[in-house]
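In: please find the sequence and the predicted model below.
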Protein chains: 2
Amino acid sequence: MLNQIDYMSLAIKEAIKAKNKDEVPVGAIIVGGCGNVIAKAHNLVETRNDPTCHAEKLVIEKALKITGQRFLNDCDIWVTLEPCVMCAGLIKQTRIRRLYYGAEDKKGGAIDNGVRVFLDNKTRIEIYSGFSADQSERLLKDFFYNIR
Amino acid sequence: MLNQIDYMSLAIKEAIKAKNKDEVPVGAIIVGGCGNVIAKAHNLVETRNDPTCHAEKLVIEKALKITGQRFLNDCDIWVTLEPCVMCAGLIKQTRIRRLYYGAEDKKGGAIDNGVRVFLDNKTRIEIYSGFSADQSERLLKDFFYNIR
C-alpha cells in the first residue's frame, strides 16, 4: 500500500499527462480497498471534444469497467482539483468511500465551494482536501498563464 | 415541430420502455433548435449494472455523439423525473438550453429539491417543471408498489 503523498503524486502524474496534451491539467486515480491502484485518468475534454470528459468521470468509468462492480463503495478517489457538480454526482452515484482532492476550485468546485453537494450528510463519504494542493494549483496556474 | 405535450409524451414512452425492462421508469429526449428530436433514452441502471446509467446521462451521450457538437447549447432536454446531482451536472457541462421535467423527486432531485444546482443563476438555462407530472409519477409509484 502506498502512502497518501504517493497516491496524490500518481494523480499529479496524470495531470501532467493532460498538460502535455494541452488539456487543463487535472488527474485522478481510484484506489481499491487493499490500497491497490485500480484506474488512472486525466482530463480529455479537448482531445475528445466532449465537455464531460473530466478526469474523475473517466477514472470512475474505467474503475466500474475494470472491477465489474455495481458500486465503488470500497474505493477511494484521488483527484488533483476539487470536483465539479457533475463529478460530485458521479462520486455520489457510485458510492465511492473517500474523496481526496488537491487544490480548491472556487469557481467550478462543488464540494467545499458552490452547491457543496455532500453538505447535507445524506451520503456516506469521507472527504479530505489540500493534498499536494500547491503543486496541483501551480500546474493549473502555469497552464492558464501560458494560454492567456 | 411537436408541441410541449408531444415532447413529454415521447419521454414518457421511453419511461415505459424502462418499466418493461424492470428498470425504474424514467425517460428522456433531447430536442434540437429546429424542434427535431435528436435522441431518446431511458434508464438502464439494472440492464447495464451501472448506477450512472440514468436516462438523462444516456440521452446526453447520444446527442453529443449524433450531433458531433461540443456543446448542446441549442438543445432542450425533456425528462420525466427531476434530475439528480450527476445529471444536473451533465446538463450544466453540456450547456443545454432548456430543461423540461415532469415529476418532482423530493428525495433524489437536485433542481427544485436538494442542492438546487441551478439556483445560483450562474448557468444560462431555462427550467420548466410539472409537464405531465401526474403520468410520470403514476408510472414511478406503480413500479415501486409492484416491487415492494
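Out: Right, received. Where do you want to start?
In: for the closest residue to A:T52 other than its chain neighbours, what are its contacts?
Out: Nearest residue to A:T52 in three dimensions, chain neighbours excluded: B:Q93, at 5.2 Å (CB to CB, 6 or more residues apart in numbering or on different chains). No exception for glycine: its C-beta is placed from N, CA and C like everyone else's. Residues near B:Q93 by CB atoms under 8 Å, 6 or more residues apart in numbering or on different chains: A:P51, A:T52, A:C84, A:M86.
In: quick one: low-confidence residue ranges for chain A.
Out: Filtered on pLDDT under 70, chain A yields the residue ranges A:1.
In: write out the residues of it neighbouring chain B.
Out: With CB under 8 Å from any CB of the partner chain as the criterion, chain A meets chain B at residues A:49-52, A:60, A:64, A:70-71, A:84-90, A:92-95, A:110, A:114-117, A:119-120.
In: just the buried ones from those?
Out: Neighbour-count burial (16 or more other CB atoms under 10 Å in any protein chain shown) applied to the residues of chain A next to chain B gives A:50-52, A:60, A:64, A:71, A:84-90, A:92-95, A:110, A:114-115, A:117.
In: so which of those residues are in helices?
Out: The helices, defined by DSSP state H, take in A:I60, A:L64, A:V85, A:M86, A:C87, A:A88, A:G89, A:L90, A:K92, A:Q93 from these.
In: can you tell me how far A:E46 sits from A:N121?
Out: Using CB to CB, to the nearest Å, A:E46 is found at 36 Å from A:N121.
In: looking at the two, which has the bigger crowd around it?
Out: A:E46 (15 against 7; other CB atoms under 10 Å in any protein chain shown).
In: assign the more buried one to helix, strand or coil.
Out: Secondary structure state of A:E46, per DSSP: H, G, I helix; E, B strand; the rest coil, is helix.
In: nearest spatial neighbour of it, chain-adjacent residues omitted?
Out: Per CB to CB, 6+ apart, closest to A:E46 is A:E23, 5.3 Å.
In: hang on, A:T67 packs against A:G33?
Out: No: under the criterion of CB atoms under 8 Å, A:T67 lies out of contact with A:G33, with a separation of 10.4 Å.
In: which one of these two is surrounded by more residues?
Out: Using other CB under 10 Å, the more surrounded residue of A:T67 and A:G33 is A:T67, with 16 against 12.
In: contacting residues for that one?
Out: For A:T67, counting by CB under 8 Å, 6+ apart, the contacting residues are A:G32, A:I38, A:C75.
In: swap the cut-off to 10 Å and go again
Out: A:I30, A:G32, A:I38, A:A39, A:D74, A:C75 (CB atoms under 10 Å, 6 or more residues apart in numbering or on different chains).
In: now the residues you listed: which count as buried?
Out: Neighbour-count burial within the contacts of A:T67 applies to A:I30, A:G32, A:I38, A:A39, A:C75; the criterion is 16+ other CB under 10 Å.
In: which of these fall in strands?
Out: A:I30, A:I38, A:A39 (DSSP state E).
In: quickly list what the last one is bridged to.
Out: The reference is to A:A39. Taking DSSP bridges as the rule, A:A39 bridges to A:I30.
In: which of the ones in strands among the buried ones among the contacts of A:T67 sits closest to A:A103?
Out: Using CB to CB, A:I30 comes nearest to A:A103 of these, at 19.0 Å.
In: quick check: the closest one touching A:K57?
Out: No: taking contacts as CB atoms under 10 Å, A:I30 lies outside contact range of A:K57: 11.8 Å.
In: anything in contact with each of these two?
Out: In contact with both A:I30 and A:K57: A:A41, using CB under 10 Å, 6+ apart.
In: spatially central residue in chain A, please.
Out: Central residue check for chain A by CA atoms, centre = their mean: the C-alpha nearest the mean position is that of A:V79, 2.8 Å away.
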